[in-house]
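S.K.: sharing a model prediction with you, sequence too.
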Amino acid sequence: MAVPKRKTSKARRDKRRSSTWKLVFPGMTKCSNPECNEYVLAHRVCKACGYYDGKKVCEVEKKEA
């Protein structure tokens, strides 16, 4: 049976493991409403204005400061 000749260092071990775990940024796009321009997840209704694909889909309540 094959046995390692030397102990694998922590740095070498961690370098090997680092490439398998990466954060994936979700597909963000700008809102289709020309007045809004907020970032929205792709294929979702904008939470700020209620627009989807250039059309008003739902009413959004405005937050009071």
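M.R.: Received the coordinates, thanks. Fair warning: this is a prediction, and the values are worked out from it, not measured in the lab. Residues are numbered from 1 along each chain as shown.
S.K.: the chain: helices as residue ranges?
M.R.: 10-18 (DSSP state H).
S.K.: pLDDT at the residue nearest in space to the middle of the chain, what is it?
M.R.: The chain has Pro26 as the residue nearest its centroid, 2.5 Å off, counting by Cα atoms, centre = their mean. The pLDDT attached to Pro26 in the predicted structure is 76.
S.K.: kindly report the same for Ser18.
M.R.: For Ser18, the model assigns a pLDDT of 84.
S.K.: just Glu61 next, same as before
M.R.: Predicted confidence (pLDDT) for Glu61: 85.
S.K.: number of residues surrounding it?
M.R.: 6 (other Cβ atoms under 10 Å). The way it works is simple: take the backbone N, C-alpha and C, and place the C-beta from them, glycine included.
S.K.: beta-bridge partners for the residue nearest to Val45 when sequence neighbours are not counted, please?
M.R.: Sequence neighbours aside, Tyr52 is the residue nearest to Val45 in space, at 4.5 Å (criterion: Cβ to Cβ, 6 or more residues apart in numbering). Taking DSSP bridges, one obtains Lys55 as the residues bridged to Tyr52.
S.K.: quick revisit: Lys7 versus the closest residue in space to the residue nearest to the centre of the chain that isn't next to it in sequence, what's the distance?
M.R.: Sequence neighbours aside, Leu41 is the residue nearest to Pro26 in space, at 5.7 Å (criterion: Cβ to Cβ, 6+ apart). Using Cβ to Cβ, to the nearest Å, one obtains 46 Å as the distance from Leu41 to Lys7.
S.K.: more neighbours: the two, which one.
M.R.: With neighbours defined as other Cβ under 10 Å, Leu41 and Lys7 compare such that Leu41 has more, 12 against 8.
S.K.: can I assume the more buried one is in contact with Phe25?
M.R.: No - here Leu41 lies out of contact with Phe25, judged by Cβ atoms under 8 Å, at a distance of 10.9 Å.
S.K.: how many residues are close by Gly27?
M.R.: 10.
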